[in-house]
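Enquirer: starting from these lines, generate the structure:
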Amino acid sequence: MKQLGGDQQSQLFTPKAIKELFQVEFDTHVARSLQVVPKEMPTVEERIANVTENPEKSKFAALDREISKDIKAERRADHLRAFNRSLPNNKQWRAPRNETRDMWRSARHVPKDLVTLKTVWEGITNLRSVKEYCRWMIEHPEYRRAPYLRSLGMFDTAVLDARLTFELQQQNMSPPLTSPTDIPAPIDHIRKRLSELAETNDDG
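Expert: Now for the predicted structure:
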């Protein structure tokens, strides 16, 4: 700051002047009438949470946690008796019946094609980018998967490999089928794998 005045020493940037320029505390009559009360907020706006790298502090994240807690509480069994005797009223537990899951996380009013994401993925499952996306999802099971792609077995490595083999055969201009029963091996493998996945889901 001293260089702003050239070679001569500036009298403007004295310690006293600097202190007045960057003064934080105020000792005026108006300042004395103000009262600052620090308050820790339980949640903040989404934008602030992202800027400060605290997404769990956003209002939407907090709301989602509270909804999850309510759903879990409603699943608990009533606790009214112990040692074959009724508990006092203040010790009893009755699960709430607020139907929180149906109210907040139900998709009954949303078309099924949107819920399963069929609208998004139908007709493009033959693209290589989609297959690579599914392979990436197989390696990252922590992320939610599209129900439509799951129903097609796209999150199964064997099915993806079979689809790729079939497409390569198509690109090499394989001869036409001589009979309806003359189906390429990859198609048989896909159908067999999908049947196994369906049986596994039924057993579960």
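
Enquirer: okay, now the unreliable bits of this structure?
Expert: Residue ranges of the chain with pLDDT under 70: 1-13, 22-31, 171-204.

Enquirer: and stretch 89-96, how far from the chain's centre?
Expert: Relative to its chain's centre, stretch 89-96 lies at 34 Å (Cα atoms, centre = their mean, to the nearest Å).

Enquirer: err, stretch 88-98, not the other one
Expert: Here the centre of mass of C-alpha atoms in stretch 88-98, compared against the chain's by Cα atoms, centre = their mean, lies 33 Å away.

Enquirer: may I have that stretch exported as PDB, CA atoms only?
Expert: What follows is stretch 88-98, C-alpha atoms only, in PDB (Å, rounded to 0.1, in the frame of the first residue of the first chain):
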ATOM      1  CA  PRO A  88     -48.100 -48.800  32.900                       C
ATOM      2  CA  ASN A  89     -49.500 -46.400  30.400                       C
ATOM      3  CA  ASN A  90     -46.400 -44.200  30.500                       C
ATOM      4  CA  LYS A  91     -44.200 -47.300  29.700                       C
ATOM      5  CA  GLN A  92     -46.300 -48.600  26.800                       C
ATOM      6  CA  TRP A  93     -45.300 -48.100  23.200                       C
ATOM      7  CA  ARG A  94     -47.900 -47.900  20.400                       C
ATOM      8  CA  ALA A  95     -46.600 -47.600  16.900                       C
ATOM      9  CA  PRO A  96     -48.000 -44.500  15.100                       C
ATOM     10  CA  ARG A  97     -50.400 -45.100  12.300                       C
ATOM     11  CA  ASN A  98     -49.800 -42.100  10.100                       C
END
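
Enquirer: quickly find the element holding residue 19.
Expert: Assigned by DSSP states H and E, residue 19 belongs to helix 15-21.

Enquirer: cool, and residue 65?
Expert: Counting by DSSP H and E, residue 65 is found in helix 59-75.

Enquirer: which strands or helices does that helix pack on?
Expert: When contacts are defined as 3 or more Cβ pairs under 8 Å, 6 or more residues apart in numbering; DSSP states H and E, helix 59-75 sits against helix 46-51, helix 100-104. Every C-beta, even on glycine, is put in place using the N, C-alpha and C of the backbone.

Enquirer: distance of the nearest residue to residue 134 once chain neighbours are set aside relative to residue 162?
Expert: Spatial nearest neighbour of residue 134, excluding adjacent residues (Cβ to Cβ, 6 or more residues apart in numbering): residue 154 at 4.5 Å. Relative to residue 162, residue 154 is positioned 11 Å away (Cβ to Cβ, to the nearest Å).

Enquirer: give the buried residues for the helix holding residue 65.
Expert: 70-71 (16 or more other Cβ atoms under 10 Å).

Enquirer: put the alpha carbons of that helix into PDB.
Expert: Output in PDB follows, covering the C-alpha atoms of helix 59-75 (Å, rounded to 0.1, in the frame of the first residue of the first chain):
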ATOM      1  CA  LYS A  59     -33.500 -28.900   4.500                       C
ATOM      2  CA  PHE A  60     -34.300 -31.700   2.000                       C
ATOM      3  CA  ALA A  61     -31.700 -34.100   3.600                       C
ATOM      4  CA  ALA A  62     -33.100 -33.400   7.100                       C
ATOM      5  CA  LEU A  63     -36.700 -33.900   5.900                       C
ATOM      6  CA  ASP A  64     -35.700 -37.200   4.300                       C
ATOM      7  CA  ARG A  65     -34.100 -38.400   7.500                       C
ATOM      8  CA  GLU A  66     -37.100 -37.500   9.600                       C
ATOM      9  CA  ILE A  67     -39.400 -39.300   7.100                       C
ATOM     10  CA  SER A  68     -37.200 -42.400   7.400                       C
ATOM     11  CA  LYS A  69     -37.400 -42.300  11.200                       C
ATOM     12  CA  ASP A  70     -41.200 -42.000  11.100                       C
ATOM     13  CA  ILE A  71     -41.400 -45.000   8.700                       C
ATOM     14  CA  LYS A  72     -39.100 -47.100  10.900                       C
ATOM     15  CA  ALA A  73     -41.200 -46.100  14.000                       C
ATOM     16  CA  GLU A  74     -44.400 -47.200  12.300                       C
ATOM     17  CA  ARG A  75     -42.900 -50.600  11.600                       C
END
